[in-house]
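Student: Give me the fold of what follows.
(2 chains)
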2 protein chains.
Amino acid sequence: MINKLTVKIQKTHAPIVVGLDPMLDYIPEHIQKKAFQEKGETLEGAAEAIWQFNKEIVDYTWDLIPAVKPQIAMYEQFGIPGLAAFKKTVDYCHEKDLVVIGDVKRGDIGSTSAAYAAGHIGTVTVGSQAYHPFDEDFITVNPYLGTDGVKPFAEVCRKEQKGLFILVKTSNPSSGEFQDRLIDGRPLYEHVGEKVAQWSAECMGESYSYIGAVVGATYPEMGKVLRKIMPKSYILVPGYGAQGGKGADLVHFFNEDGLGAIVNSSRGIIAAYKQEAYAKFGPEHFGEASRAAVEDMRKDIDGALQSAL
Amino acid sequence: MINKLTVKIQKTHAPIVVGLDPMLDYIPEHIQKKAFQEKGETLEGAAEAIWQFNKEIVDYTWDLIPAVKPQIAMYEQFGIPGLAAFKKTVDYCHEKDLVVIGDVKRGDIGSTSAAYAAGHIGTVTVGSQAYHPFDEDFITVNPYLGTDGVKPFAEVCRKEQKGLFILVKTSNPSSGEFQDRLIDGRPLYEHVGEKVAQWSAECMGESYSYIGAVVGATYPEMGKVLRKIMPKSYILVPGYGAQGGKGADLVHFFNEDGLGAIVNSSRGIIAAYKQEAYAKFGPEHFGEASRAAVEDMRKDIDGALQSAL
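Tutor: Numbers count the residues shown, from 1 in each chain, chains lettered A, B, ... in the order given. Down below sits the predicted model:
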C-alpha cells in the first residue's frame, strides 16, 4: 500500500491528504435539511448528512489527490449510524481508487491491539468465513504502550500489505507536555522516532516502509530532526492551514527525492466555502470550493518543494 | 458516577470489575452454533454470539459486582455489527444497575477528543434533538497528547457526572519502553501520574475524583508510588489473574480507607469454565463458572485487604 501511495503522489504531484472530519457545522444547511427530512433529526439523520457531504467533496477532489484521512471520532460521536457512515465513506473512496488513512489513533496491550488491527486493516474469521470489517489502507496508532502494543498492527500490515502512521510528535499546543520531555538528553519524541525507524526497517516496501509516523506541521524544526531519524518512514503531517502550518515550513518533512511526507488538511479543504478566499462559491457549491482549495494547497506545497529541491 | 461506584464497591465488598472482552474462542460452542444458525457465519452472527455470551455472564454476576469493563476492540473487530453488540451490552448492564467502564483508550487533539467524549460519555446534538450515543459511565483515555487532549474529556465529565481512567502505567510487558524512561530523575509514568492528580483535583466527587488512572497489577511497586502521587484518584488495575497479578500484590493500590482501587479481570472470569479450577461446570454452565470465579476473586482481594488494613 505504501508503494501505491508513493506512485499516486508522484502522479498527482500532490503530497496531500484530505481530512474527512465532518463536524455538523461544516455541513451546508441544504445538505443537513435534506438529510433530516429523510431520516429525522436523529443519529441516522446526522450520519446521512455526513455521508452526502463527504460524497460531494470526494466527487470534486478525487482526481487531484492520492489519499483521504477520515477522522473516526467525527463519525463515532454519532454512535452506530455515524460509524456506518465512516464505513460507507471508506468504501466510496476505494471505489474512487483513493488510499484511505483511517485516523483512529488506536493502541492497547498486545491481544487488544491485535483485535483493532484485525478490524481496521486486517481479517476476522467467523466460523469458516473471513471478513475485512472496516478495511482502511493505513491507520494511525498511539505508541504509549510500547513495542508489544504496536507489533500486532505491524504483523497485520506485513500480511495484508497495509500500513501505519505512528504518533511521534502531534500537532496540538500541549503535545510537548510529555513528548518534549528530555530522556538521556533527548526529547521523548526522538526516542519514539527511533523505535518507529526500527519497526519501519522490518516492514519495507519498494523504497519506503509500510510503517510511517505522524509529526505535526506546527513543529517544523522537530520535523527536520525526525526526518533524519526515520529516513524510510513516510511522515503524515497534520496541522497545515487551519492549525497554522504553511507550505514553506514543510519542505524539511520531505526527503531529497521529494517524497517521504504527505500533508493533511481537513477544515481548510472540506469547509473551504466558509473561508473568505472561497466564499464566492457559496454553500451550494461547497464541492467546487473544496476543489479550488486543494489546487491552492498543491501549488503552495509543490511550489515550496520545487524551490527547495 | 464516582460516588455511585464507591457506594457499590462498599455494598458488594468487591472492588472488582469484570472485563467483558469476548474473544470468539472464549465463547462456548453451543452459543456460537446457535448464533450462526440464526444469523449465519457473518459479522452479525459473531456479534450475536458475543451478545448472548455477555448476557449470560452478566445475568450470573451482576449482583456480586459493582462494574463491568467492555473492551471495545473486541467488538470493533467485528465492524458495525460488533459495535452494535457493544452498545447492547452497555445498555443491558445499565438495566442491571452496573457501572460501565468503556475501555476505549481514546485520545487525540482537542476538537477530536471532544467528539470522542461526546459520543462515549456525553451528548451530541442533531438539529433540535440531543442524544447519548454510547453512554458509558467511565472511559479510559490515552494521555500521550497532553493536557489539551485530555481536557475535553474532563469537561464532559463535569457536565455529565461521568468519569475517566487515564493510562499511567499499563500492564503489558513492554509498557516500560517509554513509560519507565527517566525524566529529571523520575519515570515518565510518575510525571503522567502528577498530571492526573492535577486534573483530578479539578473534578472532585464526594471523597474521590471523577478522574482516575490505569496502573497495571503486574507492577505493584509502581502502584505503591502512584497511589501516593494520586491520592484522590481511583486506580483501575488491569492484569489480575491471567496476566499474573495476585490479591496480595494489590493492597498497595488501595488507600487506608480500603477504597481507591478497582481490579479488573477479563479472561479469568469470562472464560473461567476453561480453567481447571472451574472445569466441573462445563461449557454449558459457563455463567455459573464465571460466578464462582468472581466469588473467588472477591475472597482473594477482600481477604488480602482485610489482613493488610
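
Student: Grab the nearest non-local neighbour of residue A:287.
Tutor: Setting aside the residues directly before and after it, residue A:287 is nearest to residue A:60 in space (C-beta to C-beta, 6 or more residues apart in numbering or on different chains), at 3.6 Å. In this view, the C-beta of every residue, glycine as well, is placed from N, C-alpha and C.

Student: Would you confirm that residue A:17 belongs to a strand?
Tutor: Yes - counting by DSSP: H, G, I helix; E, B strand; the rest coil, residue A:17 is found in a strand.

Student: I'd like to know how many residues surround it.
Tutor: 29 (other C-beta atoms under 10 Å in any protein chain shown).

Student: now swap in residue A:142 and tell me
Tutor: 26.

Student: Residue A:219 too?
Tutor: 23.

Student: For residue A:73, which residues are in contact?
Tutor: If you count contacts by C-beta atoms under 8 Å, 6 or more residues apart in numbering or on different chains, residue A:73 has them with B:106, B:108, B:112-113, B:115-116, B:119.

Student: Kindly recompute the last result at 7 Å.
Tutor: For residue A:73, the contact set (C-beta atoms under 7 Å, 6 or more residues apart in numbering or on different chains) comprises B:108, B:112, B:115-116.

Student: Show me the two of the residues you listed that sit farthest apart.
Tutor: B:108 and B:115 (8.2 Å; C-beta to C-beta).

Student: sorry, back to before: list the contacts of the helix or strand harbouring the residue nearest to residue A:287.
Tutor: Counting by DSSP states H and E, the element that carries residue A:60 is helix A:43-61. For helix A:43-61, contacts defined as C-beta under 7 Å, 6+ apart pick out A:18, A:20, A:22, A:24, A:27, A:31-32, A:35-36, A:38-39, A:68, A:75, A:78-79, A:81-82, A:84-85, A:88-89, A:92-93, A:96, A:270, A:286-288, A:290-291, A:294, B:126, B:131, B:133.

Student: what is the rounded mean pLDDT of stretch A:102-109?
Tutor: The average pLDDT for stretch A:102-109 rounds to 97.

Student: Need the residues that contact that stretch.
Tutor: So stretch A:102-109 is contacted by A:69-72, A:113, A:116, A:120, A:134, A:136, A:138-145, A:149, A:167, B:73, B:105, B:107-108, B:142, B:170-172 (C-beta under 7 Å, 6+ apart).

Student: Among those residues, which lie within strands?
Tutor: Residues of the contacts of stretch A:102-109 located in strands (DSSP state E): A:138-141, A:167, B:105.

Student: returning to what we had before: so which of the contacts of helix A:43-61 belong to strands?
Tutor: Those of the contacts of helix A:43-61 lying in strands (DSSP E): A:18, A:68, B:126, B:131.

Student: OK, contacts around the residue most central in space within chain A?
Tutor: The residue lying closest to the centre of chain A (C-alpha atoms, centre = their mean) is residue A:69, at 3.5 Å. Neighbouring residues of residue A:69 by C-beta under 7 Å, 6+ apart: A:17, A:19-20, A:101, A:103, A:264.

Student: Leaving out chain neighbours, which residue sits closest to it?
Tutor: Excluding its sequence neighbours, the residue lying closest to residue A:69 (C-beta to C-beta, 6+ apart) is residue A:101, at 4.2 Å.

Student: Check whether that neighbour sits in a helix, strand or coil.
Tutor: strand.

Student: Any residues of the stretch 151-300 of chain A in contact with chain B? List them.
Tutor: A:167, A:170-175, A:177-178, A:181-183, A:188, A:191-192 (C-beta under 7 Å from any C-beta of the partner chain).

Student: let's see 6 Å
Tutor: A:170, A:172-175, A:177-178, A:181, A:183 (C-beta under 6 Å from any C-beta of the partner chain).

Student: for the stretch 1-150 of chain A, same thing?
Tutor: Listed as neighbours of chain B in the stretch 1-150 of chain A under the rule C-beta under 6 Å from any C-beta: A:36, A:41, A:43, A:45-46, A:71, A:73-74, A:76-77, A:79-80, A:83-84, A:105, A:108-109, A:112, A:115-116, A:118-119, A:124, A:126-129, A:131, A:133, A:142, A:144-148.

Student: Which of these fall in helices?
Tutor: A:36, A:43, A:45-46, A:73-74, A:76, A:79-80, A:83-84, A:112, A:115-116, A:118-119, A:147-148 (DSSP state H).

Student: Any of those residues buried? List them.
Tutor: Among those, those classed as buried by 16 or more other C-beta atoms under 10 Å in any protein chain shown are A:36, A:43, A:45-46, A:73-74, A:76, A:79-80, A:83-84, A:112, A:115-116, A:118-119, A:147-148.

Student: sorry, back to before: can I get the ones in strands among the contacts of helix A:43-61 in a markdown table with pLDDT?
Tutor: Shown next, in a markdown table, are those (pLDDT from 0 to 100):
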| residue | pLDDT |
| --- | --- |
| A:18 | 98 |
| A:68 | 98 |
| B:126 | 97 |
| B:131 | 98 |
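
Student: returning to what we had before: where's the helix holding residue A:60 relative to the chain centroid, distance-wise?
Tutor: 18 Å (C-alpha atoms, centre = their mean, to the nearest Å).

Student: Please identify the buried residues of it?
Tutor: Neighbour count says helix A:43-61 has A:43-58, A:60-61 buried, by 16+ other C-beta under 10 Å.

Student: repeat for stretch A:301-309
Tutor: Buried, per 16+ other C-beta under 10 Å, within stretch A:301-309: A:301-302, A:304-305.

Student: Among those residues, pick out the one closest to chain B, please.
Tutor: Nearest to chain B, judged by C-beta to the nearest C-beta, of the buried residues of stretch A:301-309 is residue A:301 at 21.1 Å.

Student: Tell me how many other residues surround the residue nearest to the closest one when sequence neighbours are not counted.
Tutor: Spatial nearest neighbour of residue A:301, chain neighbours left out: residue A:247 (4.6 Å); criterion: C-beta to C-beta, 6+ apart. By other C-beta under 10 Å, the residues close to residue A:247 number 22.

Student: Residue A:241 now?
Tutor: Neighbour count for residue A:241, taken as other C-beta under 10 Å: 24.

Student: Who are the packing partners of the longest helix seen in chain A?
Tutor: In chain A, taking DSSP H as the definition, the longest helix is helix A:286-308. Contacts defined by 3 or more C-beta pairs under 6 Å, 6 or more residues apart in numbering or on different chains; DSSP states H and E place helix A:286-308 against helix A:43-61, helix A:267-270.

Student: For stretch A:131-141, give me every contacting residue.
Tutor: Under the contact criterion C-beta atoms under 6 Å, 6 or more residues apart in numbering or on different chains, stretch A:131-141 has outside partners A:1, A:90, A:99-105, A:107, A:119-121, A:123-124, A:153, A:162-166, B:43, B:79.

Student: coming back round to it: could I have the buried ones of the residues of the stretch 151-300 of chain A next to chain B as PyMOL selection syntax?
Tutor: Selecting only the buried entries of those in PyMOL, with 16+ other C-beta under 10 Å as the criterion:
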select buried, chain A and resi 170+172+173+174+175+177+178+181+183
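
Student: Sort out which residues of stretch A:152-160 are buried, please.
Tutor: So for stretch A:152-160, counting by 16+ other C-beta under 10 Å, buried means A:152-157, A:160.

Student: So which residues make contact with that stretch?
Tutor: With C-beta under 6 Å, 6+ apart, stretch A:152-160 has contacts from A:110, A:113-114, A:117, A:121-122, A:141, A:163-164, A:199, A:203, A:210.
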